[in-house]
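*Asks:* Any chance you can model this:
(one chain, ligands or ions: 1)
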Amino acid sequence: MAWHTSSGINTAFSVGAVIVCAYLVRNIYFHALSNHPGPKLWAATRLPWCWNQYWGNLSRRLKELHDQYGPAVRVAPDEISYISASAWKTIYGQRPVEMPKDPNFSLLTPSGVQNILTADRETHTRQRRLLSHAFSEKALREQESILQTYCTKLCSQLEDRCRSGPVDLFDWFTFSTFDLIGDLAFGQSFGCLDAGAAPPFVQSIKTGSRELMLNQMLRYYGLLFLRPVMGLLGPRNVAGSRAANMGRAVATVRERVARGPTADRKDFWHYVLGHIADNEGGVRDAKTTMTEPEMYTNAFSISIAGSESTATTLTGTTFLLLRHPDAYRRVVEEVRSAFASESDITSKSLSAAGKLPFLEAVLNESMRLYPPVAITLPRRVPTGGETIDGRFVPGGYTVGVNHLACYRSEVNFAEASAFRPERWLDLDNPRRDDNDKGDKTECFKPFSHGPRSCLGKNLAWAELRLILARFLWRFDAQLVESEANLQWLDKQKLWGFWDKPPLLCRLVPVRR
Ligand code: HEM
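*Replies:* The predicted structure follows:
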């Protein structure tokens with residue numbers, strides 16, 4: 001009897017092993033994507049992809065694979081990764097039939113209501129059209145006083161705190177960008193700068209992005225039902241804290257929406273609600289308006305999209321400048337000689353053409369080496385398939401450009417791993433090296449590309465220029481030379497967002 005049972009188990013194992021082997025061999029050699037280069041193990045199964053994703057190494061590993069296999073690499077049985085300018089256009093550009101976002105890569109909102117980041121094409125077009133009023137040039141000009149308020153608070157806090165020792169600039173840039181976005185998206189700041197600490201909402205963003213990564217892996221294997229026990233795999237109680245945060249966000253936005261357009265405080269909802277009221281005389285037409293639940297979920301997602309990335313860029317830029325004293329001296333000189341007083345530093349004066357070319361170049365070069373969104377934003381090839389980078393990909397497969405791999409590729413940028421802001425200067429600038437003239441700057445899309453690209457790009461640029469310029473004008477900065485600080489960028493893991501340790505700096509206010 002025992003003999004029969006064990007032989008039955010053996011047979012089942014053997015049959016299982018044959019089926020698995022046949023499946024792996026089929027994936028490698030007889031699959032619709034088999035004509036794309038890449039490592040055989042990654043073509044056979046998504047496990048290597050998941051392994052690297054789980055450990056926060058995926059984008060760095062994809063960069064190595066692109067170095068080895070070229071601009072298009074098969075990185076899973078059903079996924080191709082790209083790094084070329086033409087792939088950016090084909091995958092993300094305006095097209096008759098959209099390449100939709102890969103549904104495996106989508107954070108479920110607790111209410112199930114679609115927001116601008118997750119919406120289908122029709123809902124997205126409607127929501128984006130309405131929200132774009134809040135991001136117009138006019139709106140940006142009118143939001144200047146809100147931007148300046150938080151810059152001033154940041155500088156005063158740093159001035160106070162730097163007297164008692166080094167300050168963690170990652171924390172302080174995070175407090176500033178969250179307070180600013182809280183004011184614009186919720187109608188009230190999070191109070192981080194006043195308290196010198198982040199509330200649970202801000203802290204939960206980090207765990208939220210890890211949850212997105214874990215969900216993505218579970219979805220690929222049809223295991224999303226394991227979500228409730230995800231605490232075993234990663235951060236605990238994420239879903240609960242997100243629901244609580246969403247609850248707080250809903251209450252705050254509901255209060256804000258009830259006030260309607262507010263001429264004295266021109267936050268995002270002033271423009272959206274004003275536009276609805278102007279165009280419909282108070283009558284809500286489902287095709288042109290936004291429901292209140294959509295407003296709640298959009299306030300929530302815009303506050304995430306619009307704060308972390310800006311804080312990451314500011315911290316990464318400061319780190320890179322302090323590690324490259326020549327560039328630091330040069331940008332400081334540019335900023336300090338361009339303005340007679342700190343109050344002359346405004347979004348308008350900073351964006352004047354040719355006013356601060358090196359500051360602009362430094363920000364671009366920092367986002368190239370350390371992209372705030374450094375992952376792949378995956379899309380699905382529509383029915384009928386598409387030719388990408390000269391090779392046909394049938395419908396239903398996943399494709400995308402990986403930001404980090406694209407920007408750090410020697411195929412796209414000369415001396416790609418070096419910090420060389422000069423490469424972004426005008427072609428005829430003598431400081432620009434001949435090597436840089438071959439850089440494929442059209443590959444550089446930190447705000448993505450096409451109809452789903454960043455809606456807050458102009459606001460982001462205004463924030464980056466203003467905060468960095470006022471910071472450089474006000475303080476002399478120096479990195480604390482600890483091992484952790486010096487390796488700040490190299491050791492970071494990437495789970496949706498970079499997992500950033502503190503960046504400790506000594507600041508000395510400039511005497512004038
Ligand atoms: C350095 C700063 C920023 C970077 C690098 C950045 C990057 C991006 C990227 C790559 C996307 C595309 C996401 C996707 O396809 O899933 C995106 C979308 C978006 N971003 Fe930003 N972003 C930044 C700042 C901001 C700010 C300040 C705001 C607003 C306050 C904002 C609002 C949005 C919105 C609303 C979307 C969704 C657009 C749509 O789907 O139509 N972003 N951003």
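*Asks:* CA atoms for contacts and neighbours, from now on please.
*Replies:* Will do.
*Asks:* what about the strands in the stretch 151-300 of the chain?
*Replies:* 167-168 (DSSP state E, counting those that start in this stretch).
*Asks:* What residue in it comes nearest to the ligand?
*Replies:* Residue nearest to the ligand within the stretch 151-300 of the chain (C-alpha to the nearest ligand atom): I181, separated by 6.2 Å.
*Asks:* What's the local residue count around that residue?
*Replies:* Neighbours of I181 under the rule other C-alpha atoms under 10 Å: 25.
*Asks:* Which residues are in contact with it?
*Replies:* I181 sits next to S189, S303, G306, S307 when contact means C-alpha atoms under 8 Å, 6 or more residues apart in numbering.
*Asks:* The first one contacts S176, doesn't it?
*Replies:* No - S189 lies out of contact with S176 (C-alpha atoms under 8 Å); the separation is 9.6 Å.
*Asks:* Compare the two and say which is more crowded by neighbours.
*Replies:* S176 (30 against 18).
*Asks:* Just the element for the closest residue in space to V75 that isn't next to it in sequence, please.
*Replies:* Nearest residue to V75 in three dimensions, chain neighbours excluded: W42, at 5.4 Å (C-alpha to C-alpha, 6 or more residues apart in numbering). Assigned by DSSP states H and E, W42 falls within helix 40-44.
*Asks:* same for that helix, what does it pack against?
*Replies:* Secondary-structure packing of helix 40-44 (3 or more C-alpha pairs under 8 Å, 6 or more residues apart in numbering; DSSP states H and E): helix 2-29, helix 47-54, strand 72-76.
*Asks:* partner strands of the last one, parallel or antiparallel?
*Replies:* Sheet pairing here is set by DSSP bridges, and for strand 72-76 it gives strand 79-82 (antiparallel).
*Asks:* For the strand it pairs with, give me every contacting residue.
*Replies:* Taking C-alpha under 8 Å, 6+ apart as the rule, strand 79-82 contacts 36, 71-75, 397-402, 406.
*Asks:* now, which of the residues you listed sits nearest L359?
*Replies:* C406 (22.9 Å; C-alpha to C-alpha).
*Asks:* And the ligand, is the strand or helix carrying the closest one touching that?
*Replies:* Secondary structure assigned from DSSP H and E places C406 in helix 403-407. No - using C-alpha under 6 Å from any ligand atom, helix 403-407 never reaches the ligand; the gap is at least 8.7 Å.
*Asks:* rewinding a little: mind checking which of the helices and strands packed on helix 40-44 is nearest L507?
*Replies:* Closest among those, using C-alpha to C-alpha: helix 47-54, at 36.5 Å.
*Asks:* What residues of the helix or strand following that closest one count as buried?
*Replies:* For helix 47-54, the following helix or strand on the C-terminal side (DSSP H and E) is helix 58-69. Neighbour-count burial for helix 58-69, counted by 16 or more other C-alpha atoms under 10 Å, picks out L58, S59, R60, R61, L62, K63, L65, H66, D67.
*Asks:* Nearest to the ligand among these?
*Replies:* S59 (14.6 Å).
*Asks:* Cross-check the contact I'm expecting between the closest one and L377.
*Replies:* No - assessed by C-alpha under 8 Å, S59 is found out of contact with L377, at 11.5 Å.
*Asks:* any common contacting residues for the two?
*Replies:* With C-alpha under 8 Å, 6+ apart, S59 and L377 have common neighbours N402.
*Asks:* ok so, going back, now for the contacts of strand 79-82, which pair is the farthest apart?
*Replies:* Largest pairwise distance in these, by C-alpha to C-alpha, is 20.4 Å, between Y397 and C406.
*Asks:* Compare the contacts of strand 79-82 and tell me which is most surrounded.
*Replies:* Neighbour max across those (other C-alpha under 10 Å) = C406, 29 neighbours.
*Asks:* so who does that one touch?
*Replies:* K63, Y82, I83, S84, N412, C443, F444.
*Asks:* Now F135: closest residue in space that isn't a chain neighbour?
*Replies:* That would be G456: by C-alpha to C-alpha, 6+ apart, it lies 6.4 Å from F135.
*Asks:* Fine by me, thanks again.
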